[in-house]
Structure formats: structure tokens, C-alpha cells
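Asker: could you look at this predicted model? Sequence included:
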Amino acid sequence: MDHIKTLLFNRFKTYAFVFLSILFSLGLLMIRLKIMNSFFYLFLVWNLFLAIIPFVITSYLMSLPKLNKLTLAFWFCVWLLFLPNAPYIITDLLHLKISTNDLLWLDILVINAFALTGLLVFFLSLFDMKTLLNKIMSANRICYFTTFIIFLCGFGVYLGRFLRYNSWEIVSNPTHLSKDVINIIFNPFTHKDAWLFTLLFGAFLYVGFIVFKALTKDKIL
């Protein structure tokens, strides 16, 4: 329990940023709900909950005084399973195409607030996992591995947004998921949209992560 208190104290500013970002996002959503009397964007709350899970996992692992490889491997798999949910919220901007109200700008603000919060916890969680892997991997391997994870998340977002798979379907529906993944990998010319989205979205996340690392070096976060 003491190590958790120590972590909270040492990272108070980081957790404060995350809390304020979540609070602001929820506040904007409640304002929209009150003004427009519409519950349409309430799904963003669930999406944000899923997005926070990887950050909670890495925060927990960072709080442990000792972490063996087996425990890290288990939580890494769970973490990786949920990680694409964080940047996934960006694709909720697609819902704007069905907005016909005069307060379209409010819808844009609401979705962007949730999306930016998702990106914040995504980068924080990824940076934490990189720190944890430092104990068992060399710096060069971690760099390549982190890049691979980022682009893998781009692919995961594609599976979630366009093929409508959920994180837990790797357990509940592994057969169909595996068939679709294998089909995309071995038939790239048939699935150009999947590869294009994965590469461009992955590049977007990679550039964002580089900027995030620069900010953390300057101790802004």
C-alpha cells in the first residue's frame, strides 16, 4: 500500500492532468445532453472507460516494488489487448457526418475532448510500459518494439472501427477474428484500405508519441 501512495505522490501532476481531462470531457458531454436533450454521445463514456484500462494496468505495474517476468508478461498481454481502445476514440469523429443540428461545433468539441483524453492516456501508458520493459530488454529492442506496438494499435483500431471487433473477442470469438486477420495479412492487395489505414493511423500515433516524449523530457508532464 505504501508503494501505491509513493507512486501517487511522485506522479501527482500526471494524474491531475488525466483527471482534469476526463472531467472536462464529461462536463462537455453533460452540457450537450442538457442543451440538446440527446443521449446519442453517451457511448463516449464507455469508450473512454475502455481507453483508461491500459493506463490503469501500467500505473499498477509501476507501483509494484518488484515485478517478475511472468507477471509482466501476463499483464502485458492484457494491456496490449485493450490498448487500441485509447486511440480508437479519434475515429468517433465519423459520427459527425450524421449531425444535422445547429450546434455541430459542440459535437466537434465533445468528441475531440474525449479523443484527446484517449490519446493522453495512450501515450502515458505506452511510455510506462516502455519503462517497465527497460528492465528486461535493451534500449534498441524496446525502440523497435514500441514502434511495432504503435502500428499494431493502428491495425487494432481498424478491426474495431470497420470490422466491429471488440477487445474481448480475441477470447470469445477467436476463430472469426483470426480468419479476418490472416486474410488481411496474406491478401494485402484485396485489403488495401486496411493497410492504408493501419500505416497512416500508425504514423499519426508514432509522431504523436515522439512529441509526447519531447514534452516529458522537458518535464511538462
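Answerer: Nice, thanks for sending it over.
Asker: what residue lies at the spatial centre of this protein?
Answerer: With distances taken as C-alpha atoms, centre = their mean, residue 86 lies nearest the centre of the chain, 2.0 Å away.
Asker: so what does it look like in phi/psi?
Answerer: phi -70, psi -50 (degrees, to the nearest 10).
Asker: list the buried residues for stretch 51-70?
Answerer: By neighbour count on 16 or more other C-beta atoms under 10 Å, the buried set for stretch 51-70 is 51-55, 57-59, 61-63. C-beta: built from backbone N, CA, C; applies to glycine.
Asker: please apply the same query to stretch 173-180.
Answerer: residue 177.
Asker: that one: how far from the chain's middle?
Answerer: 22 Å (C-alpha atoms, centre = their mean, to the nearest Å).
Asker: so for it, what's the average pLDDT?
Answerer: The average pLDDT within stretch 173-180 is 90.
Asker: pLDDT below threshold where in the chain?
Answerer: By pLDDT under 70, the weakly predicted segments of the chain are 1-10, 218-221.
Asker: any idea where the helices of it begin and end?
Answerer: Assigned by DSSP state H, the helices in the chain fall at 2-10, 12-36, 43-63, 69-82, 85-88, 104-133, 139-161, 169-172, 174-186, 192-217.
Asker: out of those, nearest to residue 96?
Answerer: Of all the helices of the chain, it is helix 104-133 that lies closest to residue 96, at 5.9 Å by C-beta to C-beta.
Asker: in the closest one, which residues are buried?
Answerer: 106-107, 109-115, 117-130, 132-133.
Asker: and that helix, what other elements does it pack with?
Answerer: helix 12-36, helix 43-63, helix 69-82, helix 85-88, helix 139-161, helix 192-217 (3 or more C-beta pairs under 8 Å, 6 or more residues apart in numbering; DSSP states H and E).
Asker: ok so, going back, how about the residue nearest to the centre of the chain, nearest residue that isn't a chain neighbour?
Answerer: Spatial nearest neighbour of residue 86, excluding adjacent residues (C-beta to C-beta, 6 or more residues apart in numbering): residue 122 at 3.6 Å.
Asker: ok, the one you found to residue 70 distance?
Answerer: Distance, residue 122 to residue 70, by C-beta to C-beta, to the nearest Å: 26 Å.
Asker: equivalent analysis for residue 174, please.
Answerer: Distance, residue 174 to residue 70, using C-beta to C-beta: 23 Å.
Asker: again, but for residue 93
Answerer: Distance of residue 93 to residue 70, computed by C-beta to C-beta: 40 Å.
Asker: now do the buried residues in stretch 207-217.
Answerer: Buried residues in stretch 207-217 (16+ other C-beta under 10 Å): 209, 212.
Asker: relative to the whole chain's centre, how far out is that stretch?
Answerer: 15 Å.
Asker: what's that stretch in contact with?
Answerer: With C-beta atoms under 8 Å, 6 or more residues apart in numbering as the contact definition, stretch 207-217 has outside contacts at 119, 123, 126-127, 146, 150, 221.
Asker: rerun at 7 Å
Answerer: Residues from elsewhere that reach stretch 207-217, judged by C-beta atoms under 7 Å, 6 or more residues apart in numbering: 119, 123, 126-127, 150, 221.
Asker: and for stretch 107-114?
Answerer: When contacts are defined by C-beta under 7 Å, 6+ apart, stretch 107-114 is touched by residues 24-25, 28-29, 32, 41, 44, 47-48, 89, 92-93, 96, 99.
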